[in-house]
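Asker: Whatever this is, show me its structure:
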Amino acid sequence: MQFIKSSIAFSFASYSKNFIDKNYGYLCIEPNKYDDQFSFQELKEIYESLTQEEKYKVETIYWELCKKQDSRIDGLFYGKTHLFENLKLTTRSLHRCNHLNNKTSQNNNNNNNNNNNNNNNNNNNNNNNNNNNNNNNNNNNNDNNNNNNNNDNNNNNNNNNNNNNNNNNNNNNNNNNNELIKIEFTNRFKRNKTTNSTQYYSLGEKIGKDYEIGEIGYVNGMGNSIGWAGTDASKISDSMVDGMNLHCVYLPSYQISPDNYSPSPNDTIGFFMDTIRHLTINGGEFSKTSILIAQLWIDYLFDNPNKLFLQICASDRWNIPPGCILIPNDFNQNNNNNQINNQEILKSNQVLNFIKLEDTLISKFATGANHLNNSKSMENIIIVPHNHKNDHPHNFLNQDYINAVLPFITNWKQTGKLIL
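Answerer: Numbers count the residues shown, from 1 in each chain. Purely as a prediction, here's the structure:
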């Protein structure tokens, strides 16, 4: 059964990679590299030099970063009207669209070329002085020597310029590779105009309330509107983490809500489309949601190196974090100088899966359900007893799950580890 499910997932992923239109984004592994290095005017000039499509991408990143800080910010056009109100986020938005690397590379090239020209001028002056002194002794011979020396100097200077330019280009390529990871992901089809895109949000009424040890993130499960996902996040906050803020990434659904809030139990087409996306990700494709989550971790841990980040995933969204880890893992194979130690981002002995055996939605159809019978995997799987028989076993917000999760949250708050 597991082989069949894995084969289906691989088949959907292969089809998506080869035949479905792709978009791309950049994962920034040095978020603060260009902070405070550009003035308002310089940032404005860089932005104005972009195409309309490039500007839109920068504005979208700016909106995402602002919304990550304050979920009360709304509207995809927020970035267009507020782009220069927070220059730190403006800088990071331009950087994450790979526009600051080109700008700094041009400046570095100009400086290097100026230095090369100055050195060459000094060499020419020295050669000319030597040639003038020699001319006093033998004009005819030195005329020929001067021509030869000048030609040799010109050739050497040209070679030096070419070598320096090649070195600059190599350095620029290395800088690009070490700062940004370009990731392709499948363009998401929208069934209707009201469908929300994947985005950051937090609990507006709890902004500023975080544990001293670090922050907690959340990503919703299948079939949720952003309003419903926010409600679930608020319930998790109140019942499991002492009313602290949750720093969330919304996973959009293809299912159409009947009231633009509650899930739709009868949208078979949307459910089928969500399932295909689920299988595609299991088969190895990346999603924009994975990129946002990975960037959320990197931004926080880079700016707060002594803090921790606890990620909570609902229902089938357990398959998103492994995709996030594959991003820096794949990059590390070709970049030995990468500052991210992805072994520290996610350790298998600090990942827990909570499940009820009565929940047939998971225990029978989930791709990784075979781990329930694997003694090694069972170390990371917590079987939750189904005591509240009048509640559906898939409801992760009932008291059964709360009782099972709380001891591990307490461990994390006190020691930084879920499993001691």
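Asker: How about residues contacting stretch 50-66?
Answerer: Outside stretch 50-66, the residues that touch it by Cβ atoms under 8 Å, 6 or more residues apart in numbering are 47, 73, 75-80, 82-83, 86, 89-90, 92-94, 96-97, 99, 199-200, 292. Every residue, glycine included, has its C-beta placed from N, CA and C.
Asker: Ok, stretch 20-28 next?
Answerer: With Cβ under 8 Å, 6+ apart as the contact definition, stretch 20-28 has outside contacts at 92, 95-98, 179-187, 288, 291, 294-295, 298, 327-328, 331.
Asker: helices or strands next to the host helix or strand of Leu406 in the packing?
Answerer: If you go by DSSP states H and E, Leu406 is part of helix 399-415. In terms of contacts (3 or more Cβ pairs under 8 Å, 6 or more residues apart in numbering; DSSP states H and E), helix 399-415 is packed against helix 226-240, strand 353-355.
Asker: List the buried residues of it.
Answerer: Of the residues in helix 399-415, those with enough neighbours to count as buried (16 or more other Cβ atoms under 10 Å) are Asp400, Tyr401, Ile402, Ala404, Val405, Phe408, Ile409, Trp412, Lys413.
Asker: any idea of the mean pLDDT in that helix?
Answerer: The predicted model assigns helix 399-415 a mean pLDDT of 95.
Asker: about what we covered before: show the buried residues in the contacts of stretch 20-28.
Answerer: 92, 95-98, 179-181, 183, 185-186, 288, 291, 294-295, 298, 327-328, 331.
Asker: Which of those fall within strands?
Answerer: Assigned to strands by DSSP state E, the following of those qualify: Leu180, Ile181, Ile183, Phe185, Thr186.
Asker: follow-up on the earlier one: report the backbone C-alpha coordinates of the helix holding Leu406 in CSV.
Answerer: The C-alpha trace of helix 399-415 is given here as CSV (Å, rounded to 0.1, in the frame of the first residue of the first chain):
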residue,chain,number,x,y,z
GLN,A,399,-9.4,18.1,24.8
ASP,A,400,-7.8,14.8,23.9
TYR,A,401,-5.1,16.5,21.8
ILE,A,402,-4.7,19.4,24.2
ASN,A,403,-3.9,16.9,27.1
ALA,A,404,-1.4,15.1,24.9
VAL,A,405,0.4,18.1,23.6
LEU,A,406,0.7,20.3,26.7
PRO,A,407,3.5,18.2,28.4
PHE,A,408,5.7,18.6,25.4
ILE,A,409,5.0,22.3,25.1
THR,A,410,6.1,22.6,28.7
ASN,A,411,9.3,20.8,27.9
TRP,A,412,10.0,23.2,25.1
LYS,A,413,9.3,26.3,27.2
GLN,A,414,11.7,25.1,30.0
THR,A,415,14.5,23.4,28.0
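Asker: With distance to Met378 added, can I get the buried residues of helix 399-415 in CSV?
Answerer: Shown next, in CSV, are the buried residues of helix 399-415 (distance: Cβ to Cβ, whole Å):
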residue, distance to Met378
Asp400, 19
Tyr401, 18
Ile402, 22
Ala404, 15
Val405, 18
Phe408, 16
Ile409, 21
Trp412, 21
Lys413, 25
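Asker: from these, which is closest to Thr275?
Answerer: Using Cβ to Cβ, Tyr401 comes nearest to Thr275 of those, at 23.3 Å.
Asker: show me what contacts the closest one?
Answerer: Tyr401 neighbours (Cβ under 8 Å, 6+ apart): Phe354, Val384, Asn395.
Asker: Surely Gly283 touches Lys5?
Answerer: No - using Cβ atoms under 8 Å, Gly283 is not in contact with Lys5; the gap is 10.3 Å.
Asker: Of these two, give the one with the bigger neighbour count.
Answerer: Gly283 (20 against 17; other Cβ atoms under 10 Å).
Asker: contacting residues around the more buried one?
Answerer: So, once contact is read as Cβ under 8 Å, 6+ apart, Gly283 ends up touching Ala9, Phe10, Ser11, Phe12, Ala13, Ser14, Ser16.
Asker: What count of nearby residues applies to the fifth one?
Answerer: Using other Cβ under 10 Å, Ala13 has 18 other residues around it.
Asker: Tell me the confidence at it?
Answerer: 84.
Asker: Quick check: closest non-adjacent residue to it.
Answerer: Gly283 (2.7 Å; Cβ to Cβ, 6 or more residues apart in numbering).
Asker: Having no further points to raise, I will conclude here.
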